[in-house]
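Visitor: sequence and predicted model, in that order:
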Amino acid sequence: MSHPASVGAPHATSRAALLDVIRAAGQISRVDLARETGLTGATVSTVVRRLIDDGLVTEVGRAESTGGKPAVLLSLQPEARYAVGVHLDHGGITYVIADLGGAVVSRWRRPGAGADAPGAVVERVASELRTLVSQAGIEPDRILGLGVVSPGPITQATGVALTPPVMQAWTDFPLADALQAATGLPALLENDATAAAVGEYWGGQIEASSCFAALYMGTGVGSGIIANGDVFRGSSGNTGEIGHICLDVDGPPCWCGGVGCVEVLAGPAAVVSEARAAGIDLPGVGIAEDFAALSRAAMREDGPARDIVQRSARYLAVAAQTLANVLDLDLIVLTGPSFAIAGSLYVPVIRDQLARTFFGRASHAVDVVISPHASEAAAIGGAALVLQSELAPRHSFQRAAGAPARLA
């Protein structure tokens, strides 16, 4: 399987190109690097020497001899640099630190933004990040940058431009700029669904030629789309908002301004509201916790809880069908905190819907799977965006608050 990080638009520099191929290969010789990248042998030798001097790459032995002198093999030094991902949501803040190879080396889940003022939350995030980096034993100057992820839609100029009711205080708040000022780290800003898609792709479990969507459900519903190694962004970077596809023109109003949207009919808040109206006892702590409790009840036995979740799944299945038909997808990955709990209830319903109604089913099927790290996928994607900006920079992967730190 070819590694996704080496596919797509040309790299910004020969340095980034070589780092990308070395990371993807695991171990590779200078001759093979030249062959893979199209760079001259002299350029490869010069850049590799600088990468070794900077501690980013190391010589790890020799390849098997094919008759001449065995070639020296090169490998990435994963601990040379790190990236931080932060997923900021009303119900919780998730932090991850990933090494240069993309492996998560530290993770932390903290209370969410709640009703706190944005400025206070930013200061708390900066403090918690310092604690996490210290506890992980990582030197701060090895941190490349911060990928901050939040519910969309997002604008590059102002940050969070339109928010669900529980996060109204964040409307037009310059989130990435504020975190960059508070942490001293270059910041990249992304919406949660797109970040989750990047995280799934960067993990290397998805074919480079795949056209796939990460169907994301936290407290809301969205999707991120990647085709042939590139994020599909549209004109403002807010593609994939399937939570705001109208399924009922006479349906209830949605916070986005529409009516009968997927999210207002089938998202966690709608499901929890329906369960309470049906007299189902829930913890009452918050939407995420109540949805999790309802989902666990639905898994245990048939009854009202399962009926309510199944109805949500049928709505989501129609939304997934729409997404697959429009984009001719071959894979849908269910991800996000709510699917981490309830994904097994949704997968068979979505699979059945696509098997029966996907327009291109005579040509190919659409596979539906649950992410192995659904609960923290968005934060992983935030870190992956920072790494992507260094190892395989493409315009489609970046939404920067400031220029990212260079590998030096």
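Guide: Yep, it's here.

Visitor: and stretch 177-196, how far apart are its ends?
Guide: 21 Å (Cα to Cα, to the nearest Å).

Visitor: buried sites along that stretch?
Guide: 177-180, 182-183, 185-196 (16 or more other Cβ atoms under 10 Å). (Each C-beta comes from the backbone N, C-alpha and C, glycine too.)

Visitor: one more: stretch 339-350?
Guide: Going by neighbour count (16+ other Cβ under 10 Å), the buried part of stretch 339-350 is 339-343, 345-347, 349-350.

Visitor: most widely separated two among those?
Guide: Longest distance between any two of those is 17.1 Å, between 340 and 349; criterion Cβ to Cβ.

Visitor: quick check: residue 106 touching residue 97?
Guide: Yes - using Cβ atoms under 8 Å, residue 106 is in contact with residue 97, at 4.3 Å.

Visitor: of those two, who's got more company?
Guide: More crowded of residue 106 and residue 97, by other Cβ atoms under 10 Å: residue 97, with 23 against 17.

Visitor: am I right that that one is in a helix?
Guide: No - counting by DSSP: H, G, I helix; E, B strand; the rest coil, residue 97 is not found in a helix; it is strand.

Visitor: which residues does it contact?
Guide: Contacts for residue 97 (Cβ atoms under 8 Å, 6 or more residues apart in numbering) come out as 82-85, 104-107, 132-133, 136, 138, 383.

Visitor: and it, how far from residue 381?
Guide: Separation of residue 97 from residue 381 (Cβ to Cβ, to the nearest Å) stands at 14 Å.

Visitor: what touches both of those two?
Guide: Jointly contacting residue 97 and residue 381 under the rule Cβ under 8 Å, 6+ apart are residue 85.

Visitor: what about the strands in the stretch 201-350 of the chain?
Guide: Secondary structure of the stretch 201-350 of the chain (DSSP state E, counting those that start in this stretch): strands at 211-217, 221-227, 230-231, 331-335.

Visitor: hey, least reliable of the ones you listed by pLDDT?
Guide: Lowest mean pLDDT of the strands of the stretch 201-350 of the chain: strand 230-231, a mean of 84.

Visitor: partners of that one in the sheet?
Guide: Strand 230-231 sits in its sheet next to strand 221-227 (antiparallel), going by DSSP bridges.

Visitor: using PDB, list the CA coordinates for the partner strand.
Guide: C-alpha atoms of strand 221-227 as PDB (Å, rounded to 0.1, in the frame of the first residue of the first chain):
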ATOM      1  CA  VAL A 221     -22.700  16.100  12.600                       C
ATOM      2  CA  GLY A 222     -20.300  16.800   9.800                       C
ATOM      3  CA  SER A 223     -17.900  15.200   7.400                       C
ATOM      4  CA  GLY A 224     -14.400  15.700   6.000                       C
ATOM      5  CA  ILE A 225     -13.500  14.700   2.500                       C
ATOM      6  CA  ILE A 226     -10.200  13.500   1.000                       C
ATOM      7  CA  ALA A 227      -9.800  12.400  -2.600                       C
END
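
Visitor: residue 94 belongs to a helix, doesn't it?
Guide: No - per three-state DSSP, residue 94 lies outside any helix segment and is strand.

Visitor: please look at it and residue 104 and confirm they touch.
Guide: No - assessed by Cβ under 8 Å, residue 94 is found out of contact with residue 104, at 11.1 Å.

Visitor: who has more neighbours out of the two?
Guide: Taking other Cβ under 10 Å, residue 94 and residue 104 do not tie; residue 94 has more neighbours (23 against 17).
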